[in-house]
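Novice: What follows is a predicted structure for the sequence shown.
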Protein chains: 2
Amino acid sequence: MKYLHTMVRVTDLPTSLRFYVDALGLEVLRQYDNPAGRFTLVYLAAPGDSEAQVELTYNYDPEVYTGGRNFGHLAYAVENIYATCERLQQHGVTISRPPRDGRMAFVRSPDGISVELLQAGHALPPAEPWVSMPNVGSW
Amino acid sequence: MKYLHTMVRVTDLPTSLRFYVDALGLEVLRQYDNPAGRFTLVYLAAPGDSEAQVELTYNYDPEVYTGGRNFGHLAYAVENIYATCERLQQHGVTISRPPRDGRMAFVRSPDGISVELLQAGHALPPAEPWVSMPNVGSW
């Protein structure tokens, strides 16, 4: 038995790829277009960790994708949580829970999927601007 | 960067462990009880695939965990999809999408988290009772 992926539905594929790839740092492994079925699937994973994937499902027929409380978040370890949060900010992503402790942060995807970032190994020394940054919304 | 886990919230821990462990076949890696914070976390993974985890969050204060459409499902490859579905049934789990094609099935956790099962390698030859089994609900 083996974990394959977590599937999330996305309203807009280019916007989602800017979040998951450009801002968060995942890479695209493959894309499957099915015009007859009116959907496209994109498989993503952290670089060098291609076995544990995220599957983005884009349905051509529009739907509003609200969140539910039974799903919590996707979690990734990152090499430098400050660098990751800075890159997310540069792409317009709000840091919902800034890494004030040098260890943990939360952001949300364009469709409201909560993503937890954890500093790999030991926490980094607390540093500005993160220490003074308040929480924004929920995550 | 590395995938750590998908977190899901659970209403009842023993009921959820019967589903994820006894019926689905994941194993418990560790449990973290935090009575002061009024929550317990349980980390699960497929046997031999301990790096890609599911984190169950049990909050002591009751809440109804509805689902949302932005989250789709968790997906696992299994060695024998018929044996897995039979074990799920024996634990009272409804097979929402039976493996009529010997390849794919869907079930739901007690809190409505959709789980996709995919036959590892080639599809199995179609076989009863699965071939004649209708879909039940959504997944």
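Specialist: Looks like it arrived, so ask away.
Novice: From here on, just use CA atoms for contacts and neighbour counts.
Specialist: Will do.
Novice: quick one, strands of chain A?
Specialist: In chain A, the segments counted as strands under DSSP state E are A:2-9, A:27-34, A:39-45, A:53-59, A:71-78, A:104-108, A:114-119.
Novice: so can I have TSV of these showing mean pLDDT, mean neighbour count and distance to residue B:102?
Specialist: Below are these laid out as TSV (pLDDT from 0 to 100; neighbours: other C-alpha atoms under 10 Å in any protein chain shown; distance: least, C-alpha to C-alpha, whole Å):
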stretch	mean pLDDT	mean neighbour count	distance to residue B:102
strand A:2-9	98	22	17
strand A:27-34	98	14	22
strand A:39-45	98	20	22
strand A:53-59	98	23	22
strand A:71-78	98	22	28
strand A:104-108	98	22	36
strand A:114-119	98	23	34
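Novice: can those go into TSV with extra columns for distance to chain B?
Specialist: Compiled in TSV, the strands of chain A are given as follows (distance: least, C-alpha to the nearest C-alpha, whole Å):
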stretch	distance to chain B
strand A:2-9	5
strand A:27-34	11
strand A:39-45	8
strand A:53-59	8
strand A:71-78	5
strand A:104-108	12
strand A:114-119	9
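Novice: could you redo those as CSV and give each row distance to residue B:11?
Specialist: Formatted as CSV, the strands of chain A follow (distance: least, C-alpha to C-alpha, whole Å):
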stretch, distance to residue B:11
strand A:2-9, 21
strand A:27-34, 34
strand A:39-45, 30
strand A:53-59, 25
strand A:71-78, 12
strand A:104-108, 23
strand A:114-119, 19
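Novice: Quickly list the domain ranges of chain A.
Specialist: Listed domain ranges for chain A are A:5-59, A:74-119 (source: automatic domain parsing).
Novice: For chain A, give the helix that spans the most residues.
Specialist: The residue-count maximum for a helix in chain A (DSSP state H) belongs to helix A:81-90.
Novice: near chain B at all, that one?
Specialist: No. Judged by C-alpha under 8 Å from any C-alpha of the partner chain, helix A:81-90 makes no contact with chain B; its nearest approach is 9.9 Å.
Novice: And that helix, how far out from the chain middle?
Specialist: Relative to the centre of its chain, helix A:81-90 is centred 12 Å away, using C-alpha atoms, centre = their mean, to the nearest Å.
Novice: List of residues touching it?
Specialist: A:19, A:23-25, A:78, A:94-95, A:98-99, A:102-105, A:117-119 (C-alpha atoms under 8 Å, 6 or more residues apart in numbering or on different chains).
Novice: Please name the residues that touch the residue located most distally from the centre of chain A.
Specialist: Within chain A, the residue lying farthest from the chain centre (C-alpha atoms, centre = their mean) is residue A:36, at 28.7 Å. If a contact means C-alpha under 8 Å, 6+ apart, then residue A:36 has no contacts.
Novice: and the closest residue to residue A:71 other than its chain neighbours, bridged to which residues?
Specialist: If you skip the residues right next to it in sequence, residue A:71 has residue B:8 as its closest partner in space, 4.5 Å away by C-alpha to C-alpha, 6 or more residues apart in numbering or on different chains. On the basis of DSSP bridges, residue B:8 is bridged to residue A:71, residue B:56.
Novice: show me the contacts for residue B:8.
Specialist: Residue B:8 makes contact with A:70, A:71, A:72, A:73, B:54, B:55, B:56, B:57, B:113 under the criterion C-alpha under 8 Å, 6+ apart.
Novice: Could you do residue A:10 as well?
Specialist: Going by C-alpha under 8 Å, 6+ apart, the list of residues near residue A:10 reads A:16, A:56, A:57, A:58, A:59, A:65, A:110, A:111, B:70.
Novice: What's the separation between the first one and residue A:107?
Specialist: For residue A:16, the distance to residue A:107 (C-alpha to C-alpha, to the nearest Å) stands at 13 Å.
Novice: Same check on the third one?
Specialist: Residue A:57 sits 20 Å away from residue A:107, going by C-alpha to C-alpha.
Novice: Let me know whether residue A:96 touches residue A:137 as I believe.
Specialist: Yes. If you go by C-alpha atoms under 8 Å, residue A:96 and residue A:137 touch, sitting 6.2 Å apart.
Novice: who has more neighbours, those two?
Specialist: residue A:96 (19 against 9; other C-alpha atoms under 10 Å in any protein chain shown).
Novice: how many other residues sit next to the nearest residue to that one once chain neighbours are set aside?
Specialist: Of all residues beyond its chain neighbours, the one nearest residue A:96 is residue A:136 (4.6 Å), with distances taken as C-alpha to C-alpha, 6+ apart. As a burial measure, residue A:136 scores 13 neighbours (other C-alpha under 10 Å).
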